[in-house]
Each structure stands twice: as structure tokens, then as C-alpha cells.
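Trainee: This is the structure alone, sequence omitted:
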Ligand SMILES: [Fe+2]
């Protein structure tokens, strides 16, 4: 069966690419943007740089700067109200995955009405909404190139996965210079998120030759540069590699899907407010150990792409090196266990059945090389706790 590939129509990639914002808008015939961002970016100087560029091109803009990490239906509702009477023709999302995902949610609801939960996977989104130009400031969720948004339902605390062409930005500006000021923890968490995207896209049951190349490329870039990006924030080659890795990993998983790590990570994030990349990192070594026997060759390829195994090395030994490297990476980047993060054991245990059922319902575990039962998911949650 042919792979169906979704990507943005236009991308400006490289240091200083932010300057291309007005020309990208002109190429897409857009002239009245609502900028969607968070209070940090609004105060950091990055928003000012973008608005000065728009002013210079005589493009009238407005700003919604109230996005929160882990976007909620409530914040998206407020954003949609702003869209109703603004006469906007586009959204310019500047920030981490949360701001980009918020813009996606706003675009979908503005065009389709109803509630965000009406469009939860596997529901279809009937209408494409306002075009989005996504400008990531982390490297990153890859949301600038994906057909997904993840939104927390304010009423139920569920982290919902929403997917479709309507969620894919029309254009992306991938400018690693915007990440030079990212603090260490954010660099580490978003970097491991990207690595998880690449690994899961590569081992996914929906992987295809197109996404395989992107995923291998991303794994190589991220594995070789993540530690440097953390310890030397101003290291431009490392920042550039991490940004390219994040975006190519995004293109890979958008078209091959993520798998069990992401499926199990979303409930941890929703119930215990663990940053997304961090909850992935907590799970990645244990889930790789669980899944590898079902796709030994594919995981061995990951070890080779990351440069932790030799090209000619046997698969069993390459996979052992991969698991070692993932554990070492967690140690080096100071990734805590759920327990060390301060998650209460009894509350965690009590929620395990709900977390397992939400993980399965998201559909992501079905893409895993080894598809777990509910009991196996609960057991994996228990295993990573300590
Ligand atoms: Fe992710």
C-alpha cells in the first residue's frame, strides 16, 4: 500500500529564517494574522522581532499570548472567541509545541464548531481552518510539520490526540537561532522528545521507506548533538543539528505515527503535569526493552543510526547498546523516575487502570512492534515508577 505523506507547503529552514516571515505570508496570499504565543516568548524579544518584520511589510497583526504548556480546551476556547470578530486570515504560532498545538486547535474549532473532543482520534475533521505558519522556538515537538495536535480536556484531564490534514501547518519557519537561549532542562526534555519521535517512527508498524530516511537522519543528528546542546547552549552547530533533527523527526512520525512510549506518556503528563519530553524519557528505556524482541533488526538500525553500534555488529548486541545508551542519556540529562519527580505512589497506583485505558484508546500502542495488553501496560507503568 502506498504511504500517504502530509507536510507543510512551504518551509524556510536555517539560521535567520525568521526574517522570511513576511515573504512566506505573501507567497501564501495571507495578510491579516493573529499571532499565537505564550507569555515567555512575548517578553523574550522573539515576539518583538516577528512583529517588527510584519510592521516593516505593512502587515496588520494582533497577538494572543495566553497559551499554556499542555494546551487546554479552555485556552483554545478563549482563542477562538478572539478569532470570531477579528477578521483574521491566518495564525502565526510562535513558541514550543504548546503554542503551535493551541493554534491548531483554534483553527480546527473556528472552522468546524463543536467541542475539541468531537475531533479526538479516530474522528475525522471535516473542514480545514485558517492557515497556520508555525515558528518553533524549541527543538522540539516537531509540531511545525505534523498533522497532530494534543489538547488536554479541561473537564476530564484527558490529553486528547487530534489528527488530520487540518492540523498540518501551511508553512514552517525552522530557525535554530531561536533556540540559542533555551534553558538546559527544556533543551534536554524537548531533545529526548525528538529522539523518541524518530525511534518510534522507525519501529512503528506504519513506518515506510519515506519516513525511514527522515527518522534515521534525525536519530543521527540528535544522538550526536543532544549532550553538547545541553552543556553548551550557544554552540551553533549543535543547536542547528538539534533543530534539524526535531523537524525531520516530526516529518517522520507525522507520517508513520508514534507508538507505545507516546501512548503511555500522555496520561502521565495529563494526571501528574510532567513535561511531555520528560515523561517520554522516563518510559523510553523500559519500553524499548519490552518492544525490541518483536523488531530486533529495526531497533538495531536505530543503534547504528545513533552511532552507538558498528555497522557490521550483530542485531542482538546493537540493541543491547541502544538500551544502554538510552539509560546513560537519561542519567546524563538527569531524567528522574516518576517517584523521584515526586509523584505520589498511591495516587499513581490508583490511576493505573485509567492511564492504561487512555493509553490504549489513543491508538498509538497499536503501532508498536509489540502490541501490549492492558495488563502489560500497567506492569510497564509499575516498572518505570522506581
Ligand atoms: Fe512527542
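Mentor: Happy to help now that I have it. On a predicted model such as this, the values are computed, not experimentally measured, just so you know.
Trainee: CA only for contacts and neighbour counts going forward, please
Mentor: OK.
Trainee: What count of nearby residues applies to residue 233?
Mentor: 18 (other CA atoms under 10 Å).
Trainee: wait, isn't it in contact with residue 181?
Mentor: Yes. The criterion here is CA atoms under 8 Å, and residue 233 meets it with residue 181 at 6.9 Å.
Trainee: List the contacts of residue 131.
Mentor: Residues counted as contacts of residue 131 (CA atoms under 8 Å, 6 or more residues apart in numbering) are 89, 90, 91, 107, 169, 170.
Trainee: same thing with residue 37?
Mentor: With contacts taken as CA under 8 Å, 6+ apart, residue 37 has the following neighbours: 63, 64, 65, 66, 67, 93, 94, 95, 99, 100.
Trainee: where do the strands sit along the chain?
Mentor: 10-13, 33-36, 62-64, 90-95, 132-136, 148-152, 159-163, 171-174 (DSSP state E).
Trainee: Relative to the whole chain's centre, how far out is the shortest one?
Mentor: This means strand 62-64. Chain-centre distance of strand 62-64: 23 Å, with CA atoms, centre = their mean, to the nearest Å.
Trainee: Now do the helices in the stretch 51-200 of the chain.
Mentor: 73-84, 97-112, 184-203 (DSSP state H, counting those that start in this stretch).
Trainee: related to what we said a few turns ago, put together TSV for the contacts of residue 37, with pLDDT, neighbour count and distance to residue 275 on each row.
Mentor: Formatted as TSV, these follow (pLDDT from 0 to 100; neighbours: other CA atoms under 10 Å; distance: CA to CA, whole Å):
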residue	pLDDT	neighbour count	distance to residue 275
63	98	18	25
64	98	20	23
65	98	20	20
66	97	17	18
67	97	24	15
93	98	31	20
94	98	28	19
95	97	27	15
99	98	31	14
100	98	31	16
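Trainee: Relative to residue 82, which of these is nearest.
Mentor: Taking CA to CA as the measure, residue 82 lies nearest residue 64 of those, at 8.0 Å.
Trainee: Now that closest one. Nearest residue, chain neighbours left out?
Mentor: Leaving aside its chain neighbours, residue 64 sits nearest to residue 36 (5.0 Å; criterion: CA to CA, 6 or more residues apart in numbering).
Trainee: neighbours around the one you found, how many?
Mentor: Count around residue 36 with other CA under 10 Å applied: 27.
Trainee: Isn't it up against residue 103?
Mentor: Yes. Between residue 36 and residue 103 there is a contact at 6.3 Å, judged by CA under 8 Å.
Trainee: so what sits against both of the two?
Mentor: What both residue 36 and residue 103 touch, as defined by CA under 8 Å, 6+ apart, is the set 91, 92, 93.
Trainee: how close does the first one get to residue 171?
Mentor: This means residue 91. 11 Å (CA to CA, to the nearest Å).
Trainee: Neighbour count: the two, which is higher?
Mentor: Taking other CA under 10 Å, residue 91 and residue 171 do not tie; residue 91 has more neighbours (30 against 24).
Trainee: who touches that one in this structure?
Mentor: 33, 34, 35, 36, 103, 107, 130, 131, 132, 133.
Trainee: Same list, the contacts of residue 37, but as CSV with distance to residue 378 please.
Mentor: Compiled in CSV, those are given as follows (distance: CA to CA, whole Å):
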residue, distance to residue 378
63, 43
64, 40
65, 38
66, 36
67, 32
93, 37
94, 37
95, 34
99, 31
100, 31
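Trainee: Contacts for the longest helix anywhere in the chain next, please.
Mentor: In the chain, ranked by residue count with DSSP state H as the criterion, the top helix is helix 209-231. With contacts defined as CA under 8 Å, 6+ apart, helix 209-231 is touched by 3, 184-185, 187-188, 191, 194-195, 197-199, 201-202, 235, 238-239, 241-242, 244-246, 248-249, 251-253, 255-256, 302, 305-307, 332-333.
Trainee: cool, stretch 283-296 as well?
Mentor: Contacts with stretch 283-296, where a contact means CA under 8 Å, 6+ apart, come from 196, 203, 260-261, 264-265, 299, 315-316, 319, 323, 326-327, 368-370, 380, 383-384.
Trainee: same question, stretch 361-381
Mentor: Contacts for stretch 361-381 (CA under 8 Å, 6+ apart): 121, 160-161, 200, 203-206, 257-264, 286-287, 290-292, 294-295, 352-353, 356-357, 359-360.
Trainee: 7 Å instead, please
Mentor: 121, 161, 203-206, 258-260, 262-263, 291, 294-295, 352-353, 356 (CA atoms under 7 Å, 6 or more residues apart in numbering).
Trainee: all helices of the stretch 201-350 of the chain, in order?
Mentor: Listed in chain order, the helices of the stretch 201-350 of the chain (DSSP H, counting those that start in this stretch) span residues 209-231, 236-256, 260-272, 276-291, 296-305, 315-332, 338-341, 345-361.
Trainee: of all those helices, which lies closest to residue 52?
Mentor: Closest to residue 52 of these is helix 236-256 (CA to CA; 24.0 Å).
Trainee: for that closest one, packing partners?
Mentor: Applying 3 or more CA pairs under 7 Å, 6 or more residues apart in numbering; DSSP states H and E, one finds that helix 236-256 contacts helix 184-203, helix 209-231.
Trainee: Deepest-packed of those helices, please.
Mentor: helix 184-203 (a mean of 28; mean count of other CA atoms under 10 Å).
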